[in-house]
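S.K.: below: sequence and its predicted model.
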Amino acid sequence: MVVGSGASGVHFALTALERGHEVTLLDFGNDRPVPPLASATFDQLKTDLPDPASYFLGEHGEGVVYPSTSASYYGYPPSKQYVFETPRGFDVSTTAMEPRFSFARGGLAEAWTGGVYAYNRDDLGQYPISYDEMERYYAIVADRIGIGAVRDDLEQFIPYSDRYREPLPFDRHSQWLWDRYHARRDRLHATHGFYLGRSRVATLSRAHGTRKGCDQLGRCLWGCPNESIYSPRHTLRDCLTHARFTYVPGVLVDHFEYGDGGGVTRVVARRVADNARVTFEGDEFALAAGALTSSRIVLESLYRRTGVIAAMPGLMDNLQIHVPFLTPAMIGTAVNTAAYQFHHLAFGVTRPDPLDYVHGQITTLKSALIHPIVHTLPLDLRGAIGTFRALRAGLGVANVNLADRRRDDSLVTLRVREGAERETALVVRYTEDAAEQARMESAVGSVKRALGAMGCFVPPGMTRVLPRGTSVHYAGTMPMSATPGQFTCGRDGRSHVFRNLFIADGASLPFLPAKNHTFTLMANATRIAEGLPGA
Amino acid sequence: MHREVPAAAIPAEVRAECRAFARMLAEVDASDYILRSYVRLLPTSDISAETRNRLVERALLGVARQGALAARVADGYARFFLPHSLFRRRLVLMLAILESSPTSERPLNSSAEGSILSVGLGLMMTGMASMTCSVVGLVLFGPLHLLSGRGATPPTAAH
């Protein structure tokens, strides 16, 4: 019995099926709308759709990014709203964090940019499993999802695999940055500890199974009509080809019931269609609803049985910082908006402690809605449009990610909702580490200086530290541990308290490196499923 | 699907505003599609009644409706002194619509091509025009802003 159809859940389910198990996957399952005009480019959507403003800006203006102190340089398009829609009654209160939840078929990876970075020996040194053990599972997942990468300077931080495929062709700006990096490589390494390489992405440059290679339509953010960008929905589709697989969408799992011996007996859920209480029985249970939602299910289960509200410490999240930059050498050149929209380049910045390694991705500006960027420029809007058009070909953003460690004061718990006896809401409380600000400033400073050394200009005042939680990389609340605790699990993902419950998602990660964790989630879920007791 | 707003029901001042904004931002005439999209999405740009009724807010919109140049002067002031004003939110909404509409997306979604010298020259002229608009805007709207209480319009949800 698997809860959740995100990156962890589907790879757990597929592996269990391949091992001969009978699998039922419970899912809320918001489904994505069918992308319109499948062969149209980004620009053609604007001319060929009957109502392009509704497509790009939404029926209710959800895609308009108005001036605000917290405005991002882009907004999630209306076509991706289903990813973040939460069910009625799903109540969350937060402190110092803005977590996002997904109840979509495919989970949060329905809105990702495809970054897949294997953890290395340093990273996994914090885990009760080694890189040598994980390598095989990274390879299995790489074969399933299709990863584009090349051998480059990042290999020393992000292990390379011969299972990877050829990457997508560069856009002109990314190619320039790549060439300039190689011309100044030694200085960038020695002075700034800055290493550049190709992004490792789960985006296909050629067909893989039923998925097509990237057609360079420039619609990545709005939803790839070719399925070139991997989504867990694709693996769910593979699961559905197995006779022993049952997919149950339209249910919201609330808690599980367990016996005196700590064995989970059944999962209790609410059916969306009629709000009816439904139960599901099984012999082994896997939580893969995402670190926060899985934590809520465990806390709720304890509360239902004992009346005690517990707290799970150790919540982690990758802090993200956007550093916009300009490459003057690109000014005056044409921008091709019919191009892969996401990042082609990734970078790493070394730190004295290898666990503080800084990871980032560089996205050059191709197709985009321009109004969220233009209104932030320090000019009247007409002047800002002229300036933006002049600089557009040279604009890019470095997305800097920082590692995080488990701390007792960042936690997940519940509270009883006012006026609703025994109904609870999730409480997410993040507390910044005292040294985080210094780490962040140091990392961003290094990235800015490295960009400068490559011939780019970083405009002052435009760097943005995104609200904590924006990364959607959550982890650490039920970590794998050699020492059993109330909310820990073993190296096999099996809960130390509930003997037939497996923690298959980010909640089980004991350390969160700066590198995007989705690849590790998929590989770890595969590893855990492979270790299930015999079919 | 959204409900169509009958053409006759669109107030003249909204039509004038739409015309001026489209001309100012993209040098295009506001097509029927642009006008209807603007009217449909206008409520999403709204701010509190108290702020909306401030003298300076009403003056910015009133002047901007007179034409493209007037709108640019108003924005030259609003960008620096009232960046979260209703006027600026409406202007950003219009830009979002223009860049998504078939008749106006091209000039907004392309880059300026040419030698670095010609692009640089264009940039310089853009900067000078912007500066001029801001100075004129300061003279026109500064006193009104003082009269209506010098506070900034608080930012509203960014979507």
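M.R.: Yep, that arrived.
S.K.: could you find the closest non-adjacent residue to the spatially most central residue of chain B?
M.R.: In chain B, the residue lying closest to the centroid (C-alpha atoms, centre = their mean) is B:Leu91, at 2.6 Å. Of all residues not flanking B:Leu91 in the chain, A:Leu381 sits nearest, at 5.5 Å (C-beta to C-beta, 6 or more residues apart in numbering or on different chains). Every residue, glycine included, has its C-beta placed from N, CA and C.
S.K.: burial of that neighbour, as a residue count?
M.R.: Number of residues near A:Leu381 (other C-beta atoms under 10 Å in any protein chain shown) recorded here: 27.
S.K.: over to A:Asp43?
M.R.: For A:Asp43, using other C-beta under 10 Å, the count is 17.
S.K.: about what we covered before: what's near enough to touch the residue nearest to B:Leu91?
M.R.: Going by C-beta atoms under 8 Å, 6 or more residues apart in numbering or on different chains, A:Leu381 touches A:374-375, B:24-25, B:75, B:79, B:88, B:91-92, B:95.
S.K.: and if we set it to 10 Å?
M.R.: A:Leu381 makes contact with A:371, A:374-375, A:388, B:21, B:24-25, B:71-72, B:75-76, B:78-79, B:88, B:91-92, B:94-95, B:130, according to C-beta atoms under 10 Å, 6 or more residues apart in numbering or on different chains.
S.K.: and for B:Ser101?
M.R.: By C-beta under 10 Å, 6+ apart, the contact list for B:Ser101 reads A:46-47, A:51-53, A:56, B:22, B:26, B:28, B:30-31, B:33-34, B:37-38, B:108.
S.K.: go through stretch A:409-423 and flag the buried ones.
M.R.: A:410-414 (16 or more other C-beta atoms under 10 Å in any protein chain shown).
S.K.: which of these fall in strands?
M.R.: A:411-414 (DSSP state E).
S.K.: farthest-separated two in those?
M.R.: Pairwise distances across those peak at 11.0 Å for A:Leu411 and A:Leu414 (criterion: C-beta to C-beta).
S.K.: low-confidence ranges in chain B?
M.R.: B:1-4, B:150-159 (pLDDT under 70).
S.K.: where exactly do the helices run in it?
M.R.: B:12-26, B:32-41, B:49-52, B:55-64, B:68-81, B:86-98, B:105-109, B:116-147 (DSSP state H).
S.K.: which of these sits most buried?
M.R.: With neighbours defined as mean count of other C-beta atoms under 10 Å in any protein chain shown, the helices of chain B peak in mean count at helix B:86-98, which reaches a mean of 27.
S.K.: pretty sure A:Asn348 sits in a strand.
M.R.: Actually, residue A:348 is Gly. It isn't Asn. Yes: counting by DSSP: H, G, I helix; E, B strand; the rest coil, A:Gly348 is located in a strand.
S.K.: columns distance to A:Ile129 on top of the ones in strands among the buried residues of stretch A:409-423, output as CSV?
M.R.: Output for those, formatted as CSV (distance: C-beta to C-beta, whole Å):
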residue, distance to A:Ile129
A:Leu411, 25
A:Val412, 24
A:Thr413, 28
A:Leu414, 30
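S.K.: list just the nearest of those to chain B.
M.R.: Distance to chain B across those (C-beta to the nearest C-beta) is lowest for A:Val412, with 26.2 Å.
S.K.: I figured the residue nearest to the centre of chain B hits B:Leu82, correct?
M.R.: No: applying C-beta atoms under 10 Å, one finds B:Leu91 not in contact with B:Leu82, separated by 11.4 Å.
S.K.: list residues touching both of these two?
M.R.: In contact with both B:Leu91 and B:Leu82: A:67, B:60, B:74-75, using C-beta under 10 Å, 6+ apart.
S.K.: report the two of those residues separated the most.
M.R.: The widest separation within the shared contacts of B:Leu91 and B:Leu82 (C-beta to C-beta) is 14.7 Å, between A:Pro67 and B:Ala74.
S.K.: list the buried ones in stretch A:443-456?
M.R.: Neighbour-count burial for stretch A:443-456 [16+ other C-beta under 10 Å]: A:443-444, A:446-451, A:453-454, A:456.
S.K.: give me the low-pLDDT residue ranges for the stretch 101-250 of chain A?
M.R.: Checking the stretch 101-250 of chain A against pLDDT under 70 turns up nothing.
S.K.: all strands for the stretch 101-250 of chain A, in order.
M.R.: Applying DSSP state E, counting those that start in this stretch to the stretch 101-250 of chain A gives strands spanning A:194-198, A:245-248.
S.K.: buried sites along the shortest one?
M.R.: What it means is strand A:245-248. A:245, A:247.
S.K.: with stretch A:305-317 instead?
M.R.: A:311-317.
S.K.: related to what we said a few turns ago, wait, which of the strands of the stretch 101-250 of chain A is closest to A:Val83?
M.R.: Here strand A:245-248 is closest among the strands of the stretch 101-250 of chain A (C-beta to C-beta), at 18.7 Å.
S.K.: against which helices or strands is whichever helix or strand comes after that closest one packed?
M.R.: As assigned by DSSP states H and E, the chain's next helix or strand after strand A:245-248 is strand A:251-258. For strand A:251-258, the contact count by 3 or more C-beta pairs under 10 Å, 6 or more residues apart in numbering or on different chains; DSSP states H and E identifies strand A:2-3, strand A:23-26, strand A:264-271, strand A:277-281, strand A:285-287, helix A:291-306 as packing neighbours.
S.K.: dump these into JSON lines; add mean pLDDT and distance to chain B as well.
M.R.: Listed next are these as JSON lines, based on pLDDT from 0 to 100; distance: least, C-beta to the nearest C-beta, whole Å:
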{"stretch": "strand A:2-3", "mean pLDDT": "98", "distance to chain B": "32"}
{"stretch": "strand A:23-26", "mean pLDDT": "98", "distance to chain B": "32"}
{"stretch": "strand A:264-271", "mean pLDDT": "97", "distance to chain B": "29"}
{"stretch": "strand A:277-281", "mean pLDDT": "97", "distance to chain B": "34"}
{"stretch": "strand A:285-287", "mean pLDDT": "98", "distance to chain B": "33"}
{"stretch": "helix A:291-306", "mean pLDDT": "97", "distance to chain B": "23"}
